[in-house]
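Colleague: Build the 3D model from these lines:
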Amino acid sequence: MLTLALECATKTIGIALLDEEDVHAEIYLNLGRHHAEVLLPALDRLFLLAGLSPADVDLLACTVGPGSFTGLRIGVSTVKGLALATGKPVVGVSTLEVLAMNAIPSSYLICPMLDARKNQVYTGLYRMGPYTLPTAVRPEKLADVAQFLRELDQEEIIFLGDGAIRHEKLIRETGKGRTVLCESSKQRLMASAVGLIGLQRYRSGDIVNTLTFTPRYLRLSEAETNCVPRAPCCTGERDRC
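Modeller: Numbering: from 1, shown residues only. Now for the predicted structure:
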C-alpha cells in the first residue's frame, strides 16, 4: 500500500511517500515561506522524483492539529482535493502524536509541546504502544505551561517540541532532575511519522469522512476571539457576528 503523508501544522512542511512501513521518498522544508507557495510545487517534485503520480497512491494521511490555523487549513484542503480527485481514503493524525514519535523507543512518559504563545502550549502525554507507535495516556489540550507542569506525576518524562524549547528553564526547575529534553535533531515534525501512524489507523478502520473532516485547532482563531455578537434585529434574526 502506497501512502502519501502531509505535515503542515507548523512553520515547516513535510511530505512523504511510504510503501507499507518503508519510506519511499520524503521532503522536509523550513523555508520561512507561506505554505500555499510551497506545498503544491513540493508535491509535484516528490512525485516526479519517485516516478509516481497521485493516481498511484492508495491512502492519504495528514496532520489535523493542533497547530497553525493557516497551515492546517492548507494541509487539510490539499488532502481533501486529492481525495476527491482520486477517490482514495483519508486518515487524520494528531500533530502531537507525530512529534511524540521522535522520542520512541523509550520507557519514559513522552510529553510533546507545541508553542501556543501567551505562556500556553498544545500538549498531551504518550507512552510507547503497539507497533512502536505513541499511545495517548492523557488527552491533548491547550494548557498553561506552569499549571500543566505542576499537575504532572513524579516520574521521568521526555519533553520535546518548540514549546519545550521555549519553556526549558521552567520544565527543568519543575521536574527537579526527572526530565529529559530531546536534542535538536529530534524536534522536527516528519511526514514519514504521519504516514506510519496513518497506516495503522487505516488498518484499524479509523478513516475520516472526506467531505466533512476539519482541522482540530484546540483554540479559537483571533477573529472568533474578537467576535462581538450583535443585538437581534427587528425581524427577529438570531445573534450573529
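Colleague: Quickly list the domain ranges of this protein.
Modeller: With domains defined by automatic domain parsing, the chain comprises 2-95+189-221, 97-186.
Colleague: mind putting those in CSV, mean neighbour count and mean pLDDT included?
Modeller: Backbone N, C-alpha and C define where each C-beta goes, glycine included. Shown next, in CSV, are the domains of the chain (neighbours: other C-beta atoms under 10 Å; pLDDT from 0 to 100):
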stretch, mean neighbour count, mean pLDDT
domain 2-95+189-221, 19, 95
domain 97-186, 18, 93
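Colleague: Pull out the CA atoms of stretch 91-107 and give them to me as CSV.
Modeller: Output in CSV follows, covering the C-alpha atoms of stretch 91-107 (Å, rounded to 0.1, in the frame of the first residue of the first chain):
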residue,chain,number,x,y,z
VAL,A,91,-6.8,9.3,7.8
GLY,A,92,-6.1,12.2,10.2
VAL,A,93,-3.2,12.2,12.7
SER,A,94,-2.6,14.4,15.7
THR,A,95,0.4,16.8,15.4
LEU,A,96,1.4,15.9,18.9
GLU,A,97,1.4,12.2,18.2
VAL,A,98,3.7,12.8,15.3
LEU,A,99,6.0,14.8,17.5
ALA,A,100,6.0,12.1,20.1
MET,A,101,7.3,9.6,17.5
ASN,A,102,10.7,11.3,17.8
ALA,A,103,11.1,10.0,21.4
ILE,A,104,10.4,6.4,20.6
PRO,A,105,11.7,3.9,21.7
SER,A,106,11.6,4.9,25.3
SER,A,107,10.1,3.6,28.5
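Colleague: Run through the helices of the chain in chain order.
Modeller: Secondary structure of the chain by DSSP state H: the helices cover 35-50, 69-86, 95-100, 145-150, 162-166, 168-175, 191-203, 222-225.
Colleague: Surely residue 12 touches residue 187?
Modeller: No. With contact defined as C-beta atoms under 8 Å, residue 12 does not reach residue 187; the gap is 10.1 Å.
Colleague: What residues are recorded as beta-bridge partners of residue 61?
Modeller: With DSSP bridges as the criterion, residue 61 is bridged to residue 5, residue 91.
Colleague: contacting residues around it?
Modeller: Residues in contact with residue 61, defined by C-beta atoms under 8 Å, 6 or more residues apart in numbering, are 3-6, 79, 90-93, 194-195, 197-199, 201-202.
Colleague: I'd like to know how far it sits from residue 187.
Modeller: Computed as C-beta to C-beta, to the nearest Å, the residue 61 to residue 187 distance reads 21 Å.
Colleague: Over to residue 14?
Modeller: On the measure of C-beta to C-beta, residue 14 and residue 187 end up 13 Å apart.
Colleague: same check, this time on residue 23
Modeller: On the measure of C-beta to C-beta, residue 23 and residue 187 end up 19 Å apart.
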